[in-house]
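Trainee: what follows is a predicted protein model with its sequence.
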Amino acid sequence: MGRTILDSPELVRLRKSMVEDCVRGRGIREPQILRAMEKVPRHLFVDGALWLQAYGDHALPIGSGQTISQPYTIGLTTRALQMKHGDKVLEIGTGSGYQSAILAEIAGQVFSIEKVPELARRARRTLDQLGYLNIAIRTMDGCYGWKEEAPFDAILVSAATPDLPETLLEQLKPGGRLVMPLQGSAGQQLVQLERKADGWRKQVLGPCRFVPLRSSHPS
Ligand code: SAH
């Protein structure tokens, strides 16, 4: 049975200009990221009423008080993960599944954890419709990580927290990268942590705005 993907020349055109103006135009030049963002139909990850807004330069509501990040932020976080084809990636905060799809276009396998069951169910449906066989979704508190599948080449935390998630850092391969919004008193900073033989290398990538991570995990 073939799948029917709801797309149109108008939406394809809007998607192309989103990538050109909001992602490439702001300095994200990696062809694999631009290709992935041109391919994945961002509108299908939000309600039908928001389709025409799906390609604007802003975050989008996905229900349960959560949002898909602005296109540039998706490009920036994806670049900071420095993924190679075949990589195994862990994502905390599946949300709509949009960023999971972008990651799955570049990496080999994506393991994504979402705390809100309704969001996880909806993301699974959308990703199934698009045929993403290399994304596994689990409904639970992501701060415990995904031990059975560890270690990972890259980990993305898509919600902000003031503490470094030690349990997740332990599930990274040596040389692996964890990207997350770190909540400070003056706001959030997007950071990349790289696992080195003798500890961590931390790089601050700039200010950002993510929804808060909700966890009962002692970090
Ligand atoms: N990247 C997603 C949006 C992420 S919004 C997208 O493309 O749509 C952040 C998500 O993190 C929300 O869906 C929220 O429910 C989830 N979340 C918050 N705390 C969490 C936790 N402890 N474990 C797993 N998911 C969590």
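Mentor: Cool, the structure landed.

Trainee: run a quick neighbour tally on residue 35.
Mentor: The local packing count at residue 35 equals 13, with neighbours defined by other Cβ atoms under 10 Å. Using the backbone N, CA and C atoms, a C-beta is placed for each residue, glycine as well.

Trainee: surely it is in a helix?
Mentor: Yes - with the criterion set as DSSP: H, G, I helix; E, B strand; the rest coil, the secondary structure at residue 35 is a helix.

Trainee: how far away is it from residue 185?
Mentor: When distance is defined by Cβ to Cβ, to the nearest Å, residue 35 is 39 Å away from residue 185.

Trainee: list the buried ones in the helix or strand hosting residue 207?
Mentor: Here residue 207 is covered by strand 199-208, with elements defined by DSSP states H and E. Buried residues in strand 199-208, counted by 16 or more other Cβ atoms under 10 Å: residue 208.

Trainee: starting at the chain centroid, how far to that strand?
Mentor: Strand 199-208 sits 17 Å away from the centroid of its parent chain (Cα atoms, centre = their mean, to the nearest Å).

Trainee: can you list contacts of it?
Mentor: Here strand 199-208 makes contact (Cβ atoms under 8 Å, 6 or more residues apart in numbering) with 73, 76, 80, 160, 169, 179, 181, 187-194.

Trainee: if you set the cut-off to 7 Å instead, what comes out?
Mentor: Contact partners of strand 199-208, identified using Cβ atoms under 7 Å, 6 or more residues apart in numbering, comprise 73, 76, 80, 181, 187, 188, 189, 190, 191, 192, 193, 194.

Trainee: now do the contacts for residue 149.
Mentor: Residues counted as contacts of residue 149 (Cβ under 7 Å, 6+ apart) are residue 111.

Trainee: sorry, back to before: of the contacts of strand 199-208, which belong to helices?
Mentor: Among the contacts of strand 199-208, the members falling in helices are 73, 76, 80 (criterion: DSSP state H).

Trainee: turn the residues you listed into TSV, columns for pLDDT, neighbour count and distance to residue 119.
Mentor: Converted to TSV, those look like this (pLDDT from 0 to 100; neighbours: other Cβ atoms under 10 Å; distance: Cβ to Cβ, whole Å):
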residue	pLDDT	neighbour count	distance to residue 119
73	97	20	18
76	97	21	22
80	98	19	24
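
Trainee: list the buried residues in the longest strand seen in the chain.
Mentor: With DSSP state E setting the assignment, residue counts place strand 172-184 as the longest strand in the chain. Buried residues in strand 172-184, counting neighbours by 16+ other Cβ under 10 Å, are found at 172, 176, 177, 178, 179, 180, 181, 182, 183.

Trainee: check whether it comes near the ligand.
Mentor: No - with Cβ under 6 Å from any ligand atom as the measure, strand 172-184 is seen stopping short of the ligand, the closest distance being 9.9 Å.
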